[in-house]
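1. The sequence and its predicted three-dimensional model are supplied below.
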Amino acid sequence: MSVPASRLPGFYQLPLLERRRLLAERFGLSATDLDALEGAGGLHSAAADTMVENAVGVLGLPLGLALNFVVDGLPVLVPMAVEEPSVVAACSHLARLAADGGGFTTSADPPFLVGQVQILDVPDTARAMAALRERHAVLVSGANAFCPGLVERGGGVVDVRARVLPQLAVGPHADLDGGGDMLVVHVVVHTCDAMGANAVNTVVEGVAPVLAELCGGRSRLRILTNLADERKARARMRVPWTSLGDDAESGRAVAQGIVEAYRFAARDPYRACTHNKGIMNGIDAVAVATGNDWRALEAGAHAYAARAGRYTSLSRFWNDDGAQTLVGEIELPMAVGVVGGSTRAHPTIQVTRKLLGPFAESVERLAGLFAAVGLAQNAAALKALATEGIQRGHMRLHARKAGEPSSHGAAAPSAGVRA
Ligand code: MEV
């Protein structure tokens, strides 16, 4: 099997400046690009002042590269901004094992984002629903008047539909609920290359008066939903047992450990919460590094994990005995963008986008990559947890941070820094 171009043997052993030199060579980075990787050359406080209120400065985070990723046949170096030790190493390690099985295959839905309009005091919800259905085409074209830029780029509003939310009779909020049935109108927007939060919020604020009038009620909230379940990404990997151990038999034992760890998360919300945190360790890190809204991704992921009425694992693992491989897959909402957000204002994000190449040019591709990173991070944690435990590797890293003498190999977390 040929070595993927995202495999950079010995990268971890190079001094930081050498790693940068190698990147500059490979990606044609300029001196300004390289400066942007340094705290002082990155986000300037003048730019920060235009981004948030009451700005007083900027806060740095380590930026690392996860190696060995092959996603849909393409090798890619994955920038990760994260302060937690082991995350980058663990992700790289698992990506290497997955590459032995051909890497990750991914898919993503079109970039649909939904805006919600809450409508209260609707005298007859069934009639209102019928009116919305009858006026569907007019509502869609009227809503498109609020996002002409998207329409021009081939996107815009694609659907307007409604749900009735009955007043709660049971549960922790029943005592405070009131006002009878509520109507909520979902406006589905194709947001092209952007995550689309601003566009969707503009659209729902624009159409709310028309919707309220048509339903005979009054509108209250007009805002996107982060439960972006019409915009999911999926990733799958196959790790040969022989890659997980010294031979197929020992590798199968490791794979079985991962499967048993997954089954724990599948059954128990207490474990699923931590299991999914491990997934988001990876996704958030690449989201921060690429200027995507990691809070939106977090919210969407956890809400999706509870979609069946009980919080559970976002990923699934099983053994394919015939092929002698561990199979892992993940599916979760993935509202990411390749334009907008902080992508333009942040010089370091300009550089991470260069490193991502074609993955920074298509929202679908980027969403698939995020899912692959989440799956790799998750599988790496399960592998460590199901074998030697997570603390041994962590303690080695703590020793390294405290400046105790250690070779790079000894400093490697259990999940394998030697990527
Ligand atoms: C730590 O940041 C993440 C883990 O707890 C994830 C997991 O338990 O699966 C190791």
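-> Right, received. Where do you want to start?
2. Please count neighbours and contacts with C-alpha atoms only from this point.
-> OK.
3. give me the element the residue nearest the centre of the chain is part of.
-> Geometric centre of the chain, nearest residue: Ile283, 4.2 Å, by CA atoms, centre = their mean. Assessed by DSSP states H and E, Ile283 sits inside helix 269-289.
4. Residues contacting that helix, please?
-> 63, 78-82, 87, 91, 264-266, 293-294, 297-298, 302, 310-314, 349, 352, 370-371, 373-378, 381 (CA atoms under 8 Å, 6 or more residues apart in numbering).
5. The ligand contacts on the stretch 251-400 of the chain?
-> Neighbours of the ligand within the stretch 251-400 of the chain, by CA under 6 Å from any ligand atom: 274-275, 277-278, 381-382.
6. Max pairwise distance over those: which two?
-> Using CA to CA, the two most remote members of these are Lys277 and Leu382, lying 11.9 Å apart.
7. next one: phi and psi at Val70?
-> phi -130, psi 110 (degrees, to the nearest 10).
8. what's the answer for Pro111, then?
-> phi -80, psi 70.
9. correct me, but it touches Ala228?
-> No: with contact defined as CA atoms under 8 Å, Pro111 does not count as touching Ala228 (9.4 Å).
10. which residues do these two both contact?
-> Ala335.
11. who's more crowded, these two?
-> Using other CA atoms under 10 Å, the more surrounded residue of Pro111 and Ala228 is Pro111, with 27 against 24.
12. quick one: the strands in the stretch 251-400 of the chain?
-> Along the stretch 251-400 of the chain, counting by DSSP state E, counting those that start in this stretch, strands occupy 315-320, 325-333.
13. Restricting to C-alpha, output the helix holding Ile283 in PDB.
-> What follows is helix 269-289, C-alpha atoms only, in PDB (Å, rounded to 0.1, in the frame of the first residue of the first chain):
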ATOM      1  CA  PRO A 269     -26.400   8.300  28.900                       C
ATOM      2  CA  TYR A 270     -23.800   8.900  31.600                       C
ATOM      3  CA  ARG A 271     -21.200   7.100  29.400                       C
ATOM      4  CA  ALA A 272     -22.600   8.500  26.100                       C
ATOM      5  CA  CYS A 273     -22.100  12.000  27.300                       C
ATOM      6  CA  THR A 274     -18.300  11.400  27.900                       C
ATOM      7  CA  HIS A 275     -18.100   9.300  24.700                       C
ATOM      8  CA  ASN A 276     -19.600  12.100  22.700                       C
ATOM      9  CA  LYS A 277     -17.300  14.600  24.400                       C
ATOM     10  CA  GLY A 278     -14.400  12.600  23.000                       C
ATOM     11  CA  ILE A 279     -16.000  13.000  19.500                       C
ATOM     12  CA  MET A 280     -16.300  16.700  20.000                       C
ATOM     13  CA  ASN A 281     -12.700  17.000  21.200                       C
ATOM     14  CA  GLY A 282     -11.800  16.400  17.600                       C
ATOM     15  CA  ILE A 283     -14.600  18.300  15.900                       C
ATOM     16  CA  ASP A 284     -14.300  21.400  18.100                       C
ATOM     17  CA  ALA A 285     -10.600  21.500  17.500                       C
ATOM     18  CA  VAL A 286     -10.900  21.500  13.800                       C
ATOM     19  CA  ALA A 287     -13.900  23.900  14.000                       C
ATOM     20  CA  VAL A 288     -11.800  26.400  16.000                       C
ATOM     21  CA  ALA A 289      -8.900  26.100  13.700                       C
END
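14. Between strand 315-320 and it, find me the angle.
-> Here helix 269-289 points in a direction 110 degrees away from that of strand 315-320 (axes from the mean of the first three to the mean of the last three CA atoms, to 10 degrees).
15. any idea how far helix 269-289 is from the chain center?
-> Averaging C-alpha positions (CA atoms, centre = their mean, to the nearest Å) puts helix 269-289 9 Å from its chain's average.
16. pLDDT of that helix, averaged?
-> What helix 269-289 shows for mean pLDDT is 98.
17. Could you list the buried residues of it?
-> For helix 269-289, a neighbour-count test (16 or more other CA atoms under 10 Å) marks 269, 271-273, 275-289 as buried.
18. got it, and stretch 349-363?
-> Buried positions in stretch 349-363, judged by neighbour count with 16+ other CA under 10 Å: 349-356, 359-363.
19. returning to that earlier point: which of the contacts of helix 269-289 count as buried?
-> Of the contacts of helix 269-289, these count as buried by 16+ other CA under 10 Å: 63, 78-82, 87, 91, 264-266, 293-294, 297-298, 302, 311-314, 349, 352, 370-371, 373-378, 381.
20. Among those residues, which lie within helices?
-> 87, 91, 264-266, 294, 297-298, 302, 349, 352, 370-371, 373-378, 381 (DSSP state H).
21. got any ranges where the stretch 301-419 of the chain has weak pLDDT?
-> Applying pLDDT under 70 to the stretch 301-419 of the chain flags residues 342-343, 393-419.
22. Which single residue of it ends up nearest the ligand?
-> Ala381 (5.0 Å; CA to the nearest ligand atom).
23. Wait, that residue touches Ser92, no?
-> No: using CA under 8 Å, Ala381 is not in contact with Ser92; the gap is 11.9 Å.
24. which residue packs closest to Gln377, ignoring adjacent ones?
-> Distance criterion CA to CA, 6 or more residues apart in numbering; nearest residue to Gln377, sequence neighbours excluded, is Cys91 at 4.8 Å.
25. ignore the last one, Ala162
-> Nearest to Ala162 is Val185, by CA to CA, 6+ apart, at 4.2 Å.
26. any idea which element that neighbour lies in?
-> Here Val185 is assigned to strand 182-190, by DSSP H and E.
27. strand partners of that strand, parallel vs antiparallel please.
-> Within its sheet, strand 182-190 is paired with strand 112-120 (antiparallel), strand 156-165 (antiparallel), according to DSSP bridges.
28. which residues touch that strand?
-> Here strand 182-190 has contacts from 110-122, 125, 150, 155-167, 200, 204, 211, using CA under 8 Å, 6+ apart.
29. at 7 Å instead, please
-> 111-120, 125, 155-166, 200 (CA atoms under 7 Å, 6 or more residues apart in numbering).
30. what do you get for stretch 330-343?
-> Contacts of stretch 330-343 (CA under 7 Å, 6+ apart): 193-195, 227-229, 231-236, 291-292, 297, 300-301, 304, 314-316, 349-350, 360-363, 367, 371, 375.
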